[in-house]
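Peer 1: Pasted the sequence and its predicted model underneath.
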Amino acid sequence: MLIGVAGAAAAPAQHQPASTSTIGRTWPIAEPDAMAEIAARVAKQPRDMRAQFGPRNNWSALRAAALDPAPADRVRTVVPFYTLDFDVKLPDGRMLYPKGYSFNPLTYVKLPQRLVIAHPRDLAWALEAARPSDFVIVTAGDAIELGERTGRAIYLLEERMKDRLGLTVAPVIVAQSGHKLVLTEFGPRSRAATLKAGTVK
């Protein structure tokens, strides 16, 4: 009986708007609205910004690191040791890792995908070789245009990536195996055969 009465009493309350109350002192917000500031800045910009930057082929951010063509099939391994160029200290000043300390990042992390690196002329091969989760990286060309044309995200090879991974030729597929990287390089015959067969994954 009590349960029924309590349920009936609670039912009308579900249809009433919730009330709010203020506890303590309040002040109006002094900071300007961030979205309003962004909208105001956008409104002042030209409708077409392309003229401000010039042709994309002159953008330094879109200049890729070059690699020689792979002359033959080859598999090799690389351990991407990293050496600190600064001291890492705790908040109290104690040294954690000194400048010059070297370590292998693959001891602590795992690459979630492979890197498929190719010259633009081998892009068809790279797209066939790449799994859905892989990164496709080119050594030249306009990555934005290539991505728009193929419908897949295409990235440019950076000099620091080239150096860190020990890359010398392309196309190459980089994959992690334990605490090292396995670099599988594909020569002309292998590229032609696997592309024709349509199975290089």
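Peer 2: Happy to help now that I have it. Note that this is a predicted model, so its numbers are computed, not measured. Numbering: from 1, shown residues only.

Peer 1: Please count neighbours and contacts with C-alpha atoms only from this point.
Peer 2: Will do.

Peer 1: Count the neighbours of T83 for me.
Peer 2: Burial of T83, expressed as a neighbour count using other Cα atoms under 10 Å, amounts to 13.

Peer 1: For it, give me phi and psi.
Peer 2: Main-chain torsions, T83, degrees, to the nearest 10: phi -110, psi 130.

Peer 1: wouldn't it be in contact with G100 here?
Peer 2: Yes: applying Cα atoms under 8 Å, one finds T83 in contact with G100, separated by 5.5 Å.

Peer 1: for this structure, what are the low-confidence residue spans?
Peer 2: When residues are selected by pLDDT under 70, those of the chain lie in 1-19, 49-61, 193-201.

Peer 1: so where do the helices sit in it?
Peer 2: In the chain, the helices defined using DSSP state H lie at 2-10, 34-44, 50-53, 123-129, 143-150, 159-165, 188-197.

Peer 1: Can you name every helix or strand that the fifth one contacts?
Peer 2: It refers to helix 143-150. The elements that helix 143-150 packs onto, with contact taken as 3 or more Cα pairs under 8 Å, 6 or more residues apart in numbering; DSSP states H and E, are strand 154-156.

Peer 1: Distance from the chain centre to the strand it packs on, please.
Peer 2: Taking Cα atoms, centre = their mean, to the nearest Å, the mean C-alpha location of strand 154-156 is offset from the chain mean by 10 Å.

Peer 1: Ok, stretch 178-188 next?
Peer 2: The chain centre lies 20 Å from the centre of stretch 178-188; the measure is Cα atoms, centre = their mean.

Peer 1: Residues contacting that stretch, please?
Peer 2: 69-80, 104, 106-107, 165, 169-176 (Cα atoms under 8 Å, 6 or more residues apart in numbering).

Peer 1: of the residues you listed, buried ones?
Peer 2: By the neighbour-count criterion of 16 or more other Cα atoms under 10 Å, these include these buried positions: 69-70, 77-80, 106, 165, 169-176.

Peer 1: what's the most distant pair in those residues?
Peer 2: Using Cα to Cα, the pair of those lying farthest apart is P69 and L106, separated by 27.5 Å.

Peer 1: How about A153, nearest residue that isn't a chain neighbour?
Peer 2: Distance criterion Cα to Cα, 6 or more residues apart in numbering; nearest residue to A153, sequence neighbours excluded, is G147 at 5.1 Å.

Peer 1: Near the one you found, how many other residues are there?
Peer 2: Around G147 there are 14 residues (other Cα under 10 Å).

Peer 1: Can you verify my assumption that it contacts L156?
Peer 2: No: applying Cα under 8 Å, one finds G147 not in contact with L156, separated by 10.9 Å.

Peer 1: what's the spacing between F103 and V79?
Peer 2: Applying Cα to Cα, to the nearest Å, the value for F103 to V79 is 10 Å.

Peer 1: try A65
Peer 2: For A65, the distance to V79 under the criterion Cα to Cα works out to 21 Å.

Peer 1: May I have the beta-bridge partners of the nearest residue to E185 once chain neighbours are set aside?
Peer 2: The spatially closest residue to E185, leaving aside those adjacent along the chain, is V172, at 4.3 Å (Cα to Cα, 6+ apart). Each beta-bridge partner of V172 is listed here, defined by DSSP bridges: I117, E185.
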